[in-house]
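**Q** Need a 3D model of the following:
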Amino acid sequence: MTTKKKRSTNPTPGTTQDPVIAEAIAKANEALAAEVEAASKPRGNPLTLGPRVIAPEKIADKLVSRASSASEEWFAQAQAPRKNPIQEGVKAEGKYVDKMKTVISEGRRAKALSKVTDEDLLQGIKDAGADALRTGIERKKGKVLRRFKVLQPLYELLAKTIDTFPTDTEAQREKKMVAARRGMILVGKARRGEISPTELAAEIKKLGGPAA
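**A** Numbers count the residues shown, from 1 in each chain. A predicted model of the protein is given here:
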């Protein structure tokens, strides 16, 4: 009686493999090779990409839109700041001076102005509108009033002092003109806080008149 040999499912090297298994292995190898080749190639993005950086018009519109949306919040926070802005500004004087030295040494102001065109200037005026000056002054009316309550008597003192100067000769008229100019310089110093109103009054009296 002849005994049939069983077909090995795991043939050893050198033996003939089942054609069905061989075909399946070949197809698997082909699929694997195709995947490897596809992975090595750049893939297309299914999304439609926009520009890497948005257009300048959109940047400007977004800035204006965000500022407009945050205006009410800014208004509320400005009335209840976490720190006193005036005191903090005074404490930062050293930093301000240091920064301004850099601005001056590098000519930043002139460089910035040179980039502004006539069209930019005119467009800024048009955008502000005719009410810009009026509303600006109205907002500062209280500040202006407080300052001139102090300066008005000093202006009057300067005017009355200058009125005492004679104007008969060229030399007298020149002296009066020089005194008036000197007085206005002193008033300017007082407005900037460089001298006190008391010091200004004393300096005005030194300008002299007929007795000088």
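
**Q** okay, CA-based contacts and neighbour counts for the rest of this
**A** Noted.

**Q** Quick one: neighbours of P56, just the number.
**A** Number of residues near P56 (other CA atoms under 10 Å) recorded here: 9.

**Q** before we move on, what about R109?
**A** 10.

**Q** R146 now?
**A** R146: 10 neighbours (other CA under 10 Å).

**Q** now do I162
**A** 22.

**Q** Return the alpha-carbon coordinates of stretch 62-81 using CSV.
**A** This file holds the C-alpha atoms of stretch 62-81, laid out as CSV (Å, rounded to 0.1, in the frame of the first residue of the first chain):
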residue,chain,number,x,y,z
LYS,A,62,-9.1,93.5,11.4
LEU,A,63,-7.2,96.0,13.5
VAL,A,64,-10.1,98.6,13.2
SER,A,65,-12.7,96.0,13.8
ARG,A,66,-11.0,94.7,17.0
ALA,A,67,-10.4,98.2,18.3
SER,A,68,-14.1,99.1,17.7
SER,A,69,-15.3,95.9,19.5
ALA,A,70,-13.0,96.6,22.5
SER,A,71,-13.8,100.3,22.8
GLU,A,72,-16.4,99.9,25.6
GLU,A,73,-14.1,97.6,27.5
TRP,A,74,-11.2,100.1,27.1
PHE,A,75,-13.4,103.0,28.3
ALA,A,76,-14.4,101.1,31.5
GLN,A,77,-10.8,100.0,32.3
ALA,A,78,-9.4,103.4,31.6
GLN,A,79,-11.6,104.8,34.4
ALA,A,80,-10.4,102.1,36.8
PRO,A,81,-6.8,101.4,36.0
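
**Q** Tell me how far that stretch lies from the chain's centre.
**A** Offset of stretch 62-81 from its chain centre (CA atoms, centre = their mean, to the nearest Å): 15 Å.

**Q** Spell out for me which residue occupies the centre of the protein.
**A** L63 (11.8 Å; CA atoms, centre = their mean).

**Q** Which helix or which strand is home to that residue?
**A** Using DSSP states H and E, L63 falls within helix 56-69.
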